[in-house]
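Asker: have a look; sequence and predicted model below, questions after that.
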Amino acid sequence: MSTLTKVALGVMGQLRPRPVKGGAAAAIKLPAVNKRGGLPLMQALAKRRSSREFARRPLPLPALSGLLWAAFGVNRRGGGRTAPSAINAQEIDVYVALPTGAYFYDAKAQRLRLVAAKDLRRVTGYQDFVDEAPLDLVYVADHRRMRMVPVAQRESYSSAAAGAIAQNVYLFAASNGLATVIRAWIDRSAIADALGLSHDQQVVLSQTVGYPKA
Ligand SMILES: Cc1cc2nc3c(=O)[nH]c(=O)nc-3n(C[C@H](O)[C@H](O)[C@H](O)COP(=O)(O)O)c2cc1C
């Protein structure tokens, strides 16, 4: 769908998900993460960039598992994560829009839990490439976990936390031959509706990931 059509549908509140082909799995167990692969950090930083052209090729599960772990996985005893958060509130949830359904990333169990049996990719942004790229992530701040953060700081802290996650994804992508772009030009209420979010949950950013277009 073109960007223009999406903007028009967005104005009318009509930017809607597509049905999935076949059934959506209720849960997806992600395979063990390979923590040894990838480029050295300085080489990954040298390759980091935003891309807006994606192949349709799906991401294999091991790549998806590694990507999500790099994004905001549990990386130590006690539940610490790969990205920081103010007072360790861990307020950002990562939602995963795949052609086969929309999922919540359960970092502790390293698995995906179905939240909507729909293809939500087109709802995750106004730009046309989000519809066909194999993966759109959505970063959602859960304000219920930020009760210890002063109200005036909650948005900026959760934006910083989502930004750290996004950069992890950029570095994983650079390190693994993937393309990605973080996006703020999104219809937050359409995404919240499609994911069935509560009033305490705030859509912060979205990020597309896939193989670069040949
Ligand atoms: C908060 C934020 C929001 C952004 N929103 C969008 C967006 O909606 N769409 C897009 O294509 N790029 C978006 N970008 C990506 C920037 O355009 C990109 O990072 C910038 O042009 C620099 O390019 P580089 O990432 O390749 O260095 C965003 C970046 C940030 C940090």
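Answerer: Received, thanks. Residues are numbered from 1 along each chain as shown.

Asker: what does the chain put close to the ligand?
Answerer: Taking C-beta under 6 Å from any ligand atom as the measure of proximity, the chain contacts the ligand at 49-50, 52, 127, 181-185. Backbone N, C-alpha and C define where each C-beta goes, glycine included.

Asker: at 8 Å what do you get?
Answerer: Contact residues (C-beta under 8 Å from any ligand atom) of the chain with the ligand: 48-52, 125-127, 159, 163, 166, 170, 181-186, 205-206.

Asker: secondary structure class of the residue lying closest to residue 34 once chain neighbours are set aside, three-state.
Answerer: Excluding the flanking residues, the one nearest residue 34 by C-beta to C-beta, 6 or more residues apart in numbering is residue 66, at 6.1 Å. Using DSSP: H, G, I helix; E, B strand; the rest coil, the structure places residue 66 in helix.

Asker: go ahead and confirm residue 66 touches residue 172.
Answerer: Yes: with contacts counted by C-beta atoms under 8 Å, residue 66 reaches residue 172, the gap being 6.7 Å.

Asker: now do the same contact list for residue 61.
Answerer: 28, 30-31 (C-beta atoms under 8 Å, 6 or more residues apart in numbering).

Asker: look at it and report its pLDDT.
Answerer: Residue 61 is assigned 97 on the pLDDT scale.

Asker: could you do the one 10 residues further on as well?
Answerer: Residue 71 is assigned a pLDDT of 98 by the prediction.

Asker: isn't there a helix covering it?
Answerer: Yes: Residue 71: assigned to a helix according to three-state DSSP.

Asker: leaving out sequence neighbours, find the closest residue to the residue most central in space within the chain.
Answerer: Centroid check for the chain by C-alpha atoms, centre = their mean gives residue 137 as the closest residue, at 1.8 Å. Of all residues not flanking residue 137 in the chain, residue 207 sits nearest, at 4.5 Å (C-beta to C-beta, 6+ apart).

Asker: now do residue 166
Answerer: Nearest non-adjacent residue to residue 166 (C-beta to C-beta, 6+ apart): residue 182, at 4.4 Å.

Asker: list the residues that contact the one you found.
Answerer: Residue 182 is in contact with 50, 163, 166, 169-170, 205-207, counting by C-beta under 8 Å, 6+ apart.

Asker: likewise residue 96?
Answerer: If you count contacts by C-beta under 8 Å, 6+ apart, residue 96 has them with 64, 68, 102-105, 112, 135, 137-138.

Asker: and which of those is nearest residue 144?
Answerer: Taking C-beta to C-beta as the measure, residue 144 sits nearest to residue 104 out of these, at 15.1 Å.

Asker: and residue 174, which of the three is it?
Answerer: helix.

Asker: now it: how far from the ligand?
Answerer: 11 Å (C-beta to the nearest ligand atom, to the nearest Å).

Asker: quick one, what contacts that residue?
Answerer: Neighbouring residues of residue 174 by C-beta under 8 Å, 6+ apart: 39, 44-45, 47-49.
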